[in-house]
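Visitor: What follows is a predicted protein model with its sequence.
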Amino acid sequence: MANCVGTNLFRCINRILSVPTVSRVQIKGMSGGATRKFFPHASTYTDRRFLRRAMFYASLTGVPSLAVITYVNVFYGEAELSEIPEGYVPKHWEYYPHPISRFIARYLKASPQQEYEKQAHVMELEHAKSVARKQEREIKRQMRKRGDGDYKFIPIKNSLQVLSNND
């Protein structure tokens, strides 16, 4: 592990993570001289490409977010408790002590009142569905009781109309 420095880092990681495989040794004897052995092994191109891209995207998102978090923690810090003026109603995001939590609660998350309204709407829809199912069961029960079926009634004015349509 002492020689795993600099550009050889990927090879060291690959050597640590890879499982040794048993492969056949091909013997090349076409040149007429001594036979040279060819040891086939898997390419490390895709492994290196994946690690390079993973490190790039981690640094692309990690470095700016780390800088913002450090800046907020150093220069702003957490909020301190103070007396609430009389008649003032705090907003829902003002209950969070950390500025980043306040930002998330204010701009990215829905307020508790909005969450309540959404849940009430879902409950109202489910209630309407259950009422509709109940009415449908009652209608089918009445149809079975009276002997009604699934047919259409086509009204006609008189019997002459039937005869004139068949011609």
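Guide: Structure received.
Visitor: switch to C-alpha atoms for all contacts and neighbour counts from now on
Guide: Will do.
Visitor: distance of residue 124 from residue 117?
Guide: According to CA to CA, to the nearest Å, residue 124 stands 10 Å off from residue 117.
Visitor: Hmm, I typed the wrong one, I wanted residue 100.
Guide: Taking CA to CA, one finds residue 100 at 26 Å from residue 117.
Visitor: between those two, which one's more packed in?
Guide: residue 100 (16 against 12; other CA atoms under 10 Å).
Visitor: Okay, buried residues for stretch 70-85 please.
Guide: For stretch 70-85, the neighbour count (16 or more other CA atoms under 10 Å) marks no residue as buried.
Visitor: so where is the protein shaky, pLDDT-wise?
Guide: Residue ranges of the chain with pLDDT under 70: 1-38, 150-154, 156-157, 159-167.
Visitor: Longest helix in it, please.
Guide: Criterion DSSP state H: the longest helix present in the chain is helix 112-146.
Visitor: What helices and strands are in contact with that helix?
Guide: Judged by 3 or more CA pairs under 8 Å, 6 or more residues apart in numbering; DSSP states H and E, helix 112-146 is in contact with no other helix or strand.
Visitor: how close does the residue nearest to residue 96 when sequence neighbours are not counted get to residue 142?
Guide: The shortest distance from residue 96 to any non-neighbouring residue, by CA to CA, 6 or more residues apart in numbering, is to residue 102 (5.6 Å). According to CA to CA, residue 102 and residue 142 sit 58 Å apart.
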